[in-house]
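Student: got a sequence here, can you model it:
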Amino acid sequence: MIASICSTSMVSYCNSASAIALSLSSLASWAMPASITAPYRRPGAGHVFHQYVLRCENRAEVQAHFKAQGIGTGLHYPVPVHLQPAYKDRSPLGPAGCAETARAAEEVLSIPMYPELSEAQVERICAALRAL
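Tutor: Just a heads-up that it's a prediction; the model follows:
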């Protein structure tokens with residue numbers, strides 16, 4: 001019984017998160033500046049978004065824009081793993097190092113993403129994206 005309730009609840013959570021991510025992608029992508037990239041959704045594949053992470057060439061400006069709109073953002077992994085003290089000298093990297101990882105650490109910005117977001121909140125986030 002408990003497993004059935006948890007399973008039903010998890011499916012509902014996943015479906016809600018996926019629908020909100022689809023709304024964010026659909027409502028915002030047509031007007032999103034070229035300097036911002038939304039998460040890639042592979043055709044035919046399902047995805048449960050526990051984070052909705054944008055790649056922003058001008059992350060500080062985008063983050064300030066959201067803050068001015070009263071919309072929170074998050075930075076996940078601002079320091080690449082290979083540069084963190086515990087790992088810094090553990091892996092020999094060639095001359096290129098982890099260039100893409102370093103670039104991602106400077107560009108990623110998470111915007112609000114959770115199944116309880118209302119349609120009005122999703123639209124507000126999309127409006128903020130369109131206003132960039």
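Student: how close does Ala21 sit to Ser91?
Tutor: Ala21 sits 33 Å away from Ser91, going by C-beta to C-beta, to the nearest Å. For every residue, glycine as well, the C-beta is placed using N, CA and C.
Student: also Ser26?
Tutor: Distance of Ser26 to Ser91, given as C-beta to C-beta: 40 Å.
Student: just the helices in this structure please.
Tutor: Along the chain, the stretches classed as helices by DSSP state H are 2-29, 59-68, 99-107, 119-130.
Student: what residues of the last one count as buried?
Tutor: By neighbour count on 16 or more other C-beta atoms under 10 Å, the buried set for helix 119-130 is Val122, Arg124, Ile125, Cys126, Ala128, Leu129.
Student: pLDDT wise, what is the fourth one at?
Tutor: Looking back up the chat, that one is Cys126. For Cys126, the pLDDT comes out at 87.
Student: wait, it sits on Ala21?
Tutor: No. Between Cys126 and Ala21 there is no contact under C-beta atoms under 8 Å: 11.8 Å.
Student: look up how far Thr101 lies from the most centrally placed residue in the chain.
Tutor: Centroid check for the chain by C-alpha atoms, centre = their mean gives Val53 as the closest residue, at 1.4 Å. Per C-beta to C-beta, Val53 is found 14 Å from Thr101.
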